[in-house]
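Student: A predicted structure for the sequence below; I have some questions about it.
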Amino acid sequence: MSKPTVDFKDISLSLKKLGIKRGDGILVHSSLSSFGYVKGGADAVIDALLEAVGQEGTVLVPTLTGKDTDSPQNPPIFDVMKTPCWTGRIPTEFMKRPQSRRSLHPTHSVSGIGPLVPFLINGHENSITPCGKNSPYYRLAEKGGYILLIGVDQESNTTIHTAEELAEVPYHMQREPTDTTIIDYHGKRIIKRLYLHRWGVPRRFQRIDGELERLGIMRKVKCEGSTLRLIKPMQMINWLVDRLRKDPWYLCLHPFDVYRKFGRDFRTQM
Ligand SMILES: CC(C)(COP(=O)(O)OP(=O)(O)OC[C@H]1O[C@@H](n2cnc3c(N)ncnc32)[C@H](O)[C@@H]1OP(=O)(O)O)[C@@H](O)C(=O)NCCC(=O)NCCS
């Protein structure tokens, strides 16, 4: 059976159905192949996103570069112009657009187009944790923006880490800071001492999917093979921080599974 095919117009219509309008700010996590076949590829999706919010709106994509080896012993080196992201074809093509601007965070950068970009990304490299209150993830929420998941589920929703950071859950951050190297737009090397994520702790982010819908924080539409989810991040963060303060392991596998994976080392670091 041949794959369903979508084009710019189909995607635009779905974004409209979701309620995205001119002037909105959206952070987009995506899977291009989720639609089936997209005429025009990643560029058609990017054009539809930019058209939906108009010139007065802002689109952000995650251009993450963090690796599970990043640590004080293995500090990451991030070149804003050269380091590729691992978040897919759409962000990769998006950050090639001449009008896009990428934040300088060494593991959790985002790339953006639109008038809110300076407010959202400036100083991300000074955010002591990657997704905290001085990061684009929180600032977008403060500005009343949205998270859009295209064909991916809550496992790709980076802003959930914002809630984990604010709630100070015991498993999420490395204990010691890392002297990271950042190479900026002018080729200048900057050293920033930052706390990095501890990668690989098994999570179950998808468990919040039904809750977000039930609470009216998220709505969904289909576009051929893809499910698009639109989430209000400030409501999500507030609800989740409250939930995590009551049960810090709510987003994890059972602590036993975490201990089994990380062993004694992990326990003694907490
Ligand atoms: C990993 C991930 C990107 C993979 O999704 P994907 O759809 O397989 O890959 P991409 O979005 O990069 O799209 C490229 C793929 O789409 C397909 N493709 C290529 N052209 C296409 C077109 N015109 N139409 C549809 N699909 C096409 C191909 O399979 C291609 O893979 P290939 O380059 O290996 O040939 C996705 O599952 C994901 O996790 N996205 C979110 C990432 C994120 O934001 N993470 C945050 C973590 S905190």
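Tutor: Happy to help now that I have it. Numbers count the residues shown, from 1 in each chain.

Student: At which residues are the helices of this structure located?
Tutor: Ranges of helices in the chain, per DSSP state H, are 8-18, 41-53, 89-94, 117-121, 136-142, 159-167, 209-214, 233-246, 255-269.

Student: Would you mind measuring from residue 73 to the ligand?
Tutor: From residue 73 across to the ligand, the span is 23 Å (CB to the nearest ligand atom, to the nearest Å). Backbone N, C-alpha and C define where each C-beta goes, glycine included.

Student: neighbours of that residue, just the number please.
Tutor: 8 (other CB atoms under 10 Å).

Student: Find the nearest non-adjacent residue to residue 220, please.
Tutor: Nearest non-adjacent residue to residue 220, counting by CB to CB, 6 or more residues apart in numbering: residue 229, 5.2 Å away.

Student: Next one: the spatially most central residue of the chain from the ligand, what distance?
Tutor: Geometric centre of the chain, nearest residue: residue 158, 3.6 Å, by CA atoms, centre = their mean. With distances taken as CB to the nearest ligand atom, residue 158 is found 4 Å from the ligand.

Student: tell me the contacts of that residue?
Tutor: By CB atoms under 8 Å, 6 or more residues apart in numbering, the contact list for residue 158 reads 27, 29, 62, 64, 108, 131, 137.

Student: And for residue 59?
Tutor: Taking CB under 8 Å, 6+ apart, we find residue 59 in contact with 25-26, 28, 46, 49-50, 53, 94, 112-114.

Student: any idea how far residue 174 lies from the ligand?
Tutor: Residue 174 sits 16 Å away from the ligand when distances are taken as CB to the nearest ligand atom.
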